[in-house]
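Asks: Below are the sequence and a predicted model; questions follow.
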Amino acid sequence: MNFFIQGNYKVTIAGQDVTSRFRPLLKSVGIQRAAGEAADSCDMVLADKDGLVLLPQERSTVLVEINGNWAFEGFVSDANSTGSKGAGREIKITASSVDHGSKAKQPSLRHKDQATLQSVMTEWGEKAGIQMQVLGSLASIERDYWIQQNESFVSWGQRIAREVGGTLKIIGSRGFLSPRNEGISASGRPLTPIEASWGVNLIEWDISPIISRPKFNKVALSYFDRAKGKRVEVEVDTGIADVDSKLRALITVANEAQAKKKGEARGKESDREQGGGHVTIIGNARAEPEAICTVVGARPGIDGSYQIDTVNHTISKGDGFRTSLGLKQPKAGAGKDSR
């Protein structure tokens, strides 16, 4: 089986198509995307003989397409030059999907009463220059009081995402807050199921479908009940039924609704971490975090379905186009040898 596939890429910097100029110099392109991170990143390494490569301006826009599919959108964040007598000169251009010089990274202090997560995200996102979409069941979450405590919009959004069991993703001037483990894309793009099949497109795997970590069937959180005039403890089911232990969290919440939502978030994370690993396949630009990857032909107990947590695309002259998928949450036979 020939695993060398040459990716057909297109690179646009500051609105100019630089693909033809990069092609004879480009050593590798790497794109990193993760469900738990607000920013995606892209690295491009080019041969820089005699310093011929023009340094891009900081915060210049970057767009990368692979095989006609959108792969990355962001801003130049770093340019690093290396050189030695034996290896020659190289330049590495790094880009982030978050503009680090924008208002999205500016600390702010503000609050909003009696609002849904959709409305507060939309309003505060606009002030940070981000057009926000709150997806799935998260949009209707309502709280008596929202506060941004001298945090940047990105930092505040990440904190709220952890509290409600979601993922924040910022791509240029667009932002998405999506629920975890519900089959909804973290970037607003369609989710395409991926099959990693031995003898077809699977190059290598390293998977632990069973990882023994502390798990809890209930989470106990407390809040101050103003009507009763005392602190009340609430037990919330996490949805994990195969354990007997309970977690008493030291953190407090504002009310019973927040306690339930935070307990659900803890359950989602615990369920996601039951097993995992990674696979490397022939490049597939359609792979997305939160999509399902089905492993076929590895061995009994490893074959099955997993949630894609991270996606790393690489294009290099030596290996061609490859995609590495970080996997979590084994399902559909993964972790069980039925022989």
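Replies: Ah, there it is.
Asks: ok, the host helix or strand of Arg89: who's next to it in the sheet?
Replies: Taking DSSP states H and E as the criterion, the element that holds Arg89 is strand 88-96. Paired strands of strand 88-96, with direction, are strand 41-47 (antiparallel), strand 69-84 (antiparallel) (DSSP bridges).
Asks: now what about the shortest one, what contacts it?
Replies: Applying C-beta atoms under 8 Å, 6 or more residues apart in numbering, the set of residues contacting strand 41-47 from outside is 11, 22, 25-32, 53, 62, 64, 72, 74, 88-97. No exception for glycine: its C-beta is placed from N, CA and C like everyone else's.
Asks: Generate a ChimeraX selection restricted to the buried subset of the residues you listed.
Replies: Of these, the buried ones can be selected in ChimeraX as follows, counting by 16 or more other C-beta atoms under 10 Å:
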select :11,22,25,26,29,30,31,32,53,62,64,72,74,89,90,91,92,93,94,95,96,97
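Asks: following the helix or strand that contains Thr314, which helix or strand shows up next?
Replies: Element membership for Thr314, per DSSP H and E: strand 304-316. Later in the chain than strand 304-316, the nearest helix or strand by DSSP H and E is strand 320-331.
Asks: Just want the angle from that next one to strand 304-316.
Replies: Between the axis of strand 320-331 and that of strand 304-316 there is an angle of 160 degrees, by axes from the mean of the first three to the mean of the last three C-alpha atoms, to 10 degrees.
Asks: Off-centre distance for strand 320-331?
Replies: 13 Å (C-alpha atoms, centre = their mean, to the nearest Å).
Asks: by contact count, what packs against that strand?
Replies: Helices and strands touching strand 320-331, by 3 or more C-beta pairs under 8 Å, 6 or more residues apart in numbering; DSSP states H and E, are helix 256-272, strand 276-282, strand 292-296, strand 304-316.
Asks: list the buried ones in that strand?
Replies: So, applying 16+ other C-beta under 10 Å, buried residues of strand 320-331: 320-331.
Asks: Could you do stretch 140-147 as well?
Replies: Buried residues in stretch 140-147, defined by neighbour count with 16+ other C-beta under 10 Å: 141, 143, 146.
Asks: The second one reaches Ala115, doesn't it?
Replies: Yes. Using C-beta atoms under 8 Å, Arg143 is in contact with Ala115, at 7.1 Å.
Asks: Quick check: next helix or strand after the host helix or strand of Arg143?
Replies: Following DSSP H and E, one finds Arg143 within strand 142-151. Per DSSP H and E, the first helix or strand lying C-terminal to strand 142-151 is helix 153-164.
Asks: returning to what we had before: quick check: angle from the strand holding Thr314 to strand 292-296?
Replies: Using the same axes, to 10 degrees: strand 304-316 against strand 292-296 is 100 degrees.
Asks: just wondering, since we're on Gly199, how far is it from Ala285?
Replies: Per C-beta to C-beta, to the nearest Å, Gly199 is found 22 Å from Ala285.
Asks: ok, the two, which is more surrounded?
Replies: Neighbour count, other C-beta atoms under 10 Å: between Gly199 and Ala285, Ala285 has more, with 22 against 8.
Asks: Contacts only, for that one.
Replies: Ala285 touches 7, 66-67, 69, 71, 313, 323, counting by C-beta under 8 Å, 6+ apart.
Asks: That one belongs to a helix, doesn't it?
Replies: No. Checked against DSSP: H, G, I helix; E, B strand; the rest coil, Ala285 lies outside a helix; its state is coil.
Asks: Not counting its own residues, what contacts the strand holding Arg89?
Replies: Counting by C-beta under 8 Å, 6+ apart, 27, 39-51, 53, 55-56, 62, 72, 74-83 sit against strand 88-96.
Asks: Tell me, please, the helix or strand in the protein that averages the lowest pLDDT.
Replies: Among the helices and strands of the chain, strand 246-252 carries the lowest confidence by mean pLDDT, DSSP states H and E, at a mean of 58.
Asks: what sits opposite Gly175 in the beta ladder?
Replies: Beta-bridge partners of Gly175, as defined by DSSP bridges: Met132, Ile170.
Asks: can I assume it is in contact with Thr122?
Replies: No. Contact criterion C-beta under 8 Å: Gly175 and Thr122 do not qualify, at 9.8 Å.
Asks: what do these two both touch?
Replies: Met132.
Asks: between those two, which one's more packed in?
Replies: Taking neighbours as other C-beta under 10 Å, Gly175 and Thr122 compare with Gly175 leading, 27 against 18.
Asks: and the more buried one, what does it touch?
Replies: Gly175 touches 121, 125, 130-133, 157, 168-169, counting by C-beta under 8 Å, 6+ apart.
Asks: Next: Asp50.
Replies: With C-beta under 8 Å, 6+ apart, Asp50 has these contacts: Arg89.
Asks: quick one: it from Val18, how far?
Replies: 18 Å.
Asks: Repeat that for Lys127.
Replies: Taking C-beta to C-beta, one finds Lys127 at 34 Å from Val18.
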